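Trainee: What follows is a predicted protein model with its sequence.
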Amino acid sequence: MVLANVEATRRFARKLAQALPEGTLVLLTGPLGAGKTTLVKFIAEALGFKGEVTSPTYTLIHEYPTEHGPIVHIDAYRLANQEELFNLGLEDYLPEARLVLIEWGKPEVFPDSLEVRLTPQGDIRSVELLTHGKAPAIPGL
């Protein structure tokens, strides 16, 4: 799938947010500048969050409250060992969160996840959805 502009990214995020079951672990992958944080912003917006969404590069975790439960936004870029997230309570977030979104997440560390792979191609982005382990398949996207 190709996202030709920001509005196409917003529409994709809205469809994705509506299709994902509660507690889904989503890995956002792609190079720097691929649009991972922008996609999180639009997903949070689609689920009713009205505040500012920023990358948690230095704080590691941001929570965005929604009426359906919190959206947990994690940036694993600086983590040498992403398994450290389990020591920080990642498993505690999963049953309570509407979604857990991990930028730079590695499927080998999070085997039951949906990977959203963003690839910039000039001014557009291609997006692939890859289901790992027991993650839900998202038909129609």
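Mentor: Cool, the structure landed.
Trainee: quick one, helices of the chain?
Mentor: Listed in chain order, the helices found in the chain under DSSP state H are 6-19, 36-46, 84-87, 90-93.
Trainee: deepest of the ones you listed, which one?
Mentor: Comparing the helices of the chain by mean neighbour count (mean count of other Cβ atoms under 10 Å), helix 36-46 ranks first with a mean of 23. C-beta coordinates here come from the backbone N, C-alpha and C atoms, glycine included.
Trainee: Can you list the neighbours in contact with that helix?
Mentor: Helix 36-46 is contacted by residues 6, 9-10, 12-14, 16-18, 28-30, 53-55, 64, 66, 71, 73, 99, 101, 103-104, 116, 118 when judged by Cβ atoms under 8 Å, 6 or more residues apart in numbering.
Trainee: low-scoring stretches of this protein, by residue?
Mentor: Scanning the chain for pLDDT under 70 picks out 141.
Trainee: Strands of that one, start to end?
Mentor: For the chain, applying DSSP state E gives strands covering 2-3, 24-29, 61-64, 71-75, 99-103, 114-121, 124-131.
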